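# Would you be able to build a 3D model of this:
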Amino acid sequence: MADRLSWVPDDVDTGLPSAARLYDYLLGGGHNFAADRALAEKFILAQPNARTIARLNRSFLRRAVLHLVDAGVRQFLDLGSGIPTVGNVHEVAGRAAPGSRVVYVDFEDVAVAHSRMMLEREESATILQEDMTDPEAVLAAARGTGLLDFAEPVGVLAVGVFHFVPPEADPAAVVAAYRDAVAPGSHLALSQFTSDLQPEEMARVVEVMKKSANPMYPRTHAEITALFAGFDLVEPGVVPLPRWRPEEGAAEEDAERAGIFAGVGRKG
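Below is the predicted model:
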């Protein structure tokens, strides 16, 4: 019980699996429950490349953050940040540009609780428990932290989260609200599942995730590209995960099995 209390809020239903904890399991993390692991194994049956996709998505996050640092960005708003694992934004950005500031945003109780523990002694990073599909609330809370100056460029990160935003939530309007709130020179880094790559596997994944707290809504290449309206896409545009600026010497990955499109755009 003491271990549970150290990182699990008392009111968390450990029997209801969540996407954040499923992702943690796929990445090899330890902050997940039996229900999450059981769902993850079904996810892997539906998409045998799931662990590789999770790793590729995490690698894209790192490359995108480093690109933004190279572009002069020193503050980040990480939407749907999930359960902290090695290679978090404040770690990557902080090593590349000491003094970088990060505001994480998540709605899942365990992700928030563990993030608060991890960031307790961090002066340049914090976590907000907000719903990223409510930009007005997120932006107000982010301003309230004092960490982000919206008169200067901000890196808005939405990595592996928009496939949980249903069509009725109007994802394009959600992105547009964040775009309109940030200064010129700001960037959007976004990745999400698609049915354009491995459609049969994606259809099975959608069925599996209906049994979780976080149903999935894959989108086409055109729909994902449309989310970058008002941003200038940086090369190579919206592409499968391993094709977005792979690091020199990186092992070649099968892009057609990546399952996710990713891209980065700059607000002019």
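# C-alpha only now, for contacts and for neighbours.
Will do.
# Can you show me the helices along this protein?
2-7, 19-26, 34-46, 50-70, 89-96, 109-118, 135-145, 171-181, 199-209, 221-226 (DSSP state H).
# between these, which gets nearest to residue 244?
helix 50-70 (7.3 Å; Cα to Cα).
# Identify each buried residue in that closest one, please.
Buried residues in helix 50-70, counted by 16 or more other Cα atoms under 10 Å: 50-69.
# And residue 37, how far from residue 24?
The gap separating residue 37 from residue 24 is 10 Å, by Cα to Cα, to the nearest Å.
# and these two? which has more neighbours close in?
Neighbour count, other Cα atoms under 10 Å: between residue 37 and residue 24, residue 24 has more, with 23 against 18.
# got the contact list for the more buried one?
By Cα atoms under 8 Å, 6 or more residues apart in numbering, the contact list for residue 24 reads 30-32, 83, 85.
# I'd like to know how far the spatially closest residue to residue 202 that is not a sequence neighbour sits from residue 241.
Closest residue in space to residue 202, ignoring its immediate chain neighbours: residue 195 at 5.7 Å, by Cα to Cα, 6 or more residues apart in numbering. Going from residue 195 to residue 241 by Cα to Cα gives 14 Å.
# quick one: which of these two has more around it?
Each of residue 195 and residue 241 has its neighbours counted (other Cα under 10 Å); residue 241 has more, 29 against 19.
# just checking, the more buried one touches residue 54?
No - judged on Cα atoms under 8 Å, residue 241 makes no contact with residue 54 at a distance of 10.2 Å.
# give me the low-pLDDT residue ranges for the stretch 1-150 of the chain?
In the predicted model of the stretch 1-150 of the chain, residues 1-11 satisfy pLDDT under 70.
# same thing but 80
Scanning the stretch 1-150 of the chain for pLDDT under 80 picks out the ranges 1-14, 84-86.
# partners of the residue at minimal distance from the centre of the chain in the sheet?
The chain has residue 159 as the residue nearest its centroid, 3.0 Å off, counting by Cα atoms, centre = their mean. Counting by DSSP bridges, residue 159 forms beta bridges with residue 191.
# if we can go back for a sec, using PyMOL, define a selection of the buried residues within the contacts of residue 24.
In PyMOL syntax, the buried subset of the contacts of residue 24 is picked out as below (16+ other Cα under 10 Å):
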select buried, resi 31+32+83
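# what two of the contacts of residue 24 are the furthest from one another?
32 and 85 (12.2 Å).
# how far away is residue 101 from residue 133?
Residue 101 is 22 Å from residue 133, by Cα to Cα.
# again but with residue 243, I slipped
Distance, residue 243 to residue 133, by Cα to Cα: 28 Å.
# Same question for residue 202.
23 Å.
# One more: residue 139?
To residue 133, residue 139 is 11 Å away according to Cα to Cα.
# got it, and residue 106?
Distance, residue 106 to residue 133, by Cα to Cα: 11 Å.
# Comparing those two, which residue is more hemmed in?
Taking neighbours as other Cα under 10 Å, residue 106 and residue 133 compare with residue 106 leading, 23 against 20.
# Contact partners for that one?
Neighbour list for residue 106: 79-82, 112, 127-132 [criterion: Cα under 8 Å, 6+ apart].
# can you check residue 267 too?
179, 183-187, 230-232.
# Greatest separation within those: which pair is it?
By the measure Cα to Cα, 183 and 232 form the most distant pair in those, at 13.8 Å.
# Name the residues that touch stretch 172-188?
The contact list for stretch 172-188, computed with Cα under 8 Å, 6+ apart, reads 68, 73, 133-136, 139, 150-158, 226-231, 264-268.
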